[in-house]
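>>> Sequence first, then the predicted structure, then my questions.
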Amino acid sequence: DSGVTQTPKHLITATGQRVTLRCSPRSGDLSVYWYQQSLDQGLQFLIQYYNGEERAKGNILERFSAQQFPDLHSELNLSSLELGDSALYFCASSVDLPFGGADTQYFGPGTRLTVL
Amino acid sequence: AQSVTQLGSHVSVSEGALVLLRCNYSSSVPPYLFWYVQYPNQGLQLLLKYTTGATLVKGINGFEAEFKKSETSFHLTKPSAHMSDAAEYFCAVTLSGNTPLVFGKGTRLSVIA
């Protein structure tokens, strides 16, 4: 158990719909990362938040958005869903050492999204 | 930009045999390197990481990896495979501890009895 929780575990929805994925980081971790895992694209970074602020953006579609709340949990919102959005979405958290170093990113169990 | 290449999308070994999973990276500056393992229907678990210092890194479950700057490699090894090692293994790179990971495509390890 990494200490990172994600809900729901599975999500089945239809094209055109909107869903929200939730992530609670490990206690004390300030950074939250979202990754998408699909068969054709592999594991791809979507977006990172640090202490409530967006820090880095990756291959995130305009239809997707995220935020990190004051209690540090994060939500990933996916709208106007398409069949190709079906994937496993992971959240990871890290403590974010102040002077660089190599923080370990701890991954949650993921949310499997199926768009029909 | 950094990138990671994992040679072999699928590796099959006999139980008790040496495990060797290959990872080469591309980075303009000294990178931080990671190996993660993913068991079916689970998240990613850190096996080991290289930051600075000793180039031979020992991880969990008997795995180790050696950072070779001249070869831009970070291959993962285990002397004797166990059935429980069957999983997907990902090599990843980042330029600092607080930036996103760039992952390889993954290598699926099968262990044959």
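Done, it's in.
>>> Check which helix or strand B:Ala17 maps to.
Secondary structure from DSSP states H and E places B:Ala17 outside every helix and strand.
>>> What residues does the residue nearest to it when sequence neighbours are not counted make contact with?
The spatially closest residue to B:Ala17, leaving aside those adjacent along the chain, is B:Ala81, at 5.4 Å (Cβ to Cβ, 6 or more residues apart in numbering or on different chains). (Each C-beta comes from the backbone N, C-alpha and C, glycine too.) The contact partners of B:Ala81, taken as Cβ atoms under 8 Å, 6 or more residues apart in numbering or on different chains, are B:Val13, B:Ser14, B:Glu15, B:Gly16, B:Ala17, B:Leu18, B:Val19, B:Leu109, B:Val111.
>>> got the contact list for the nearest residue to A:Ser79 once chain neighbours are set aside?
Nearest in space to A:Ser79, with sequence neighbours left out and distances taken as Cβ to Cβ, 6+ apart, is A:Arg18 at 4.2 Å. Counting by Cβ under 8 Å, 6+ apart, A:Arg18 makes contact with A:Asn77, A:Leu78, A:Ser79, A:Ser80, A:Leu81.
>>> In strands, which of those residues appear?
The strands, defined by DSSP state E, take in A:Asn77, A:Leu78 from those.
>>> Show me just the buried residues among the contacts of A:Arg18.
Neighbour-count burial (16 or more other Cβ atoms under 10 Å in any protein chain shown) is assigned, among those, to A:Leu78, A:Leu81.
>>> In a markdown table: the contacts of A:Arg18, plus pLDDT.
As requested, those are exported to a markdown table (pLDDT from 0 to 100):
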| residue | pLDDT |
| --- | --- |
| A:Asn77 | 98 |
| A:Leu78 | 98 |
| A:Ser79 | 97 |
| A:Ser80 | 97 |
| A:Leu81 | 98 |
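>>> Of the contacts of A:Arg18, just say which sits nearest to B:Val37.
Using Cβ to Cβ, A:Leu78 comes nearest to B:Val37 of the contacts of A:Arg18, at 27.2 Å.
>>> The closest one and B:Gly43, how far apart?
19 Å (Cβ to Cβ, to the nearest Å).
>>> Repeat that for B:Pro30.
The gap separating B:Pro30 from B:Gly43 is 28 Å, by Cβ to Cβ.
>>> In terms of packing, which of these two has more residues around it?
Shown here are B:Pro30 and B:Gly43; by other Cβ atoms under 10 Å in any protein chain shown, B:Gly43 has more neighbours (21 against 12).
>>> Give me the neighbour count for the closest residue to the more buried one other than its chain neighbours.
Using Cβ to Cβ, 6+ apart and skipping residues adjacent in sequence, the residue nearest B:Gly43 is A:Phe107, 4.1 Å away. A:Phe107 is flanked by 24 other residues according to other Cβ under 10 Å.
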